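Participant: below: sequence and its predicted model.
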Amino acid sequence: MPETPTGAALADEPLDPTVIASELVYQGRVWDVRSDTVTYGDGTIVRQYVDHPGAAAVVVLDEDDRMLLIQQYRHPIRHRDWEIPAGLLDVDGESPLETAQRELAEEVDLEAATWEPLVRIFTTPGGNDEIVHLFLARDLSPAGAVHAREDEEADIALAWVALDDVVAGILAGRLRNGIMTVGALAAAERVRVAQAEAAGT
């Protein structure tokens, strides 16, 4: 039995098996569905998955450690769920940070002077290849322009919520958006460590 990894050795392991065939099953407006035949072990496997461009998302904290949440309708789940500003990596040549900055301005009309990488996540590794880059944004100011919003974004709601209340809502099962959940928990840990360091503990 292999030894259990600890510390920095505990990490996802890249693997690049040979893809014998790859078929575009469906071409969508935002993402596609592919079917790959892959050599694995002593044989082959066929896996269908969403071919996703990736995304960037922003945890926005104000000077009181309140977190900015947005609420909008998401048709697949039939909910207006609470989320964080986010968008697809669908602009050629734009870095994840630049996408995050653009989405912050477009979705909530804000700019931030301080940006930090927070975490990167695979959202649904059994069903798509999406990677979301999450950033922590602070030192906020109004964006230079107010953006027009349509479709699900037309009635978007914004709320500034104490970070502790967001975490409590997640743990109680009232808030279930995956990207928001990871971002809030990571930000809460970042804040906790910073406060401990400031207190010298």
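Facilitator: Sure thing, it's come through.

Participant: in the lengthiest helix in the chain, what counts as buried?
Facilitator: Counting by DSSP state H, the longest helix found in the chain is helix 178-199. For helix 178-199, the neighbour count (16 or more other C-beta atoms under 10 Å) marks Ile179, Met180, Thr181, Val182, Gly183, Ala184, Leu185, Ala186, Ala187, Ala188, Arg190 as buried. No exception for glycine: its C-beta is placed from N, CA and C like everyone else's.

Participant: out of those residues, flag the one nearest to Arg47.
Facilitator: Ile179 (23.4 Å; C-beta to C-beta).

Participant: for the closest one, which non-adjacent residue is closest in space?
Facilitator: With sequence-adjacent residues excluded and distances taken as C-beta to C-beta, 6 or more residues apart in numbering, Ile179 is closest to Ala57, at 5.1 Å.

Participant: what about that neighbour, distance to Pro14?
Facilitator: According to C-beta to C-beta, to the nearest Å, Ala57 stands 23 Å off from Pro14.

Participant: between these two, which is the more surrounded one?
Facilitator: Ala57 (25 against 5; other C-beta atoms under 10 Å).

Participant: tell me the secondary structure at the more buried one.
Facilitator: strand (DSSP: H, G, I helix; E, B strand; the rest coil).

Participant: quick one, what contacts it?
Facilitator: For Ala57, the contact set (C-beta atoms under 8 Å, 6 or more residues apart in numbering) comprises Ile84, Pro85, Ala86, Gly87, Ala100, Glu103, Val132, His133, Leu134, Phe135, Ile179, Gly183.

Participant: do you know how far it is from Ala199?
Facilitator: 30 Å.

Participant: Gly43 too?
Facilitator: On the measure of C-beta to C-beta, Gly43 and Ala199 end up 57 Å apart.

Participant: on that earlier part again, got the confidence number for the residue nearest to Ile179?
Facilitator: Looking at Ala57, its pLDDT is 98.

Participant: could you give the bridge partners of it?
Facilitator: Ala86, Leu134 (DSSP bridges).

Participant: also the one 10 residues further on?
Facilitator: As for beta bridges, Met67 partners with Leu61, Val161 under DSSP bridges.

Participant: was I right about it contacting Val60?
Facilitator: Yes. Counting by C-beta atoms under 8 Å, Met67 touches Val60, with 6.7 Å between them.
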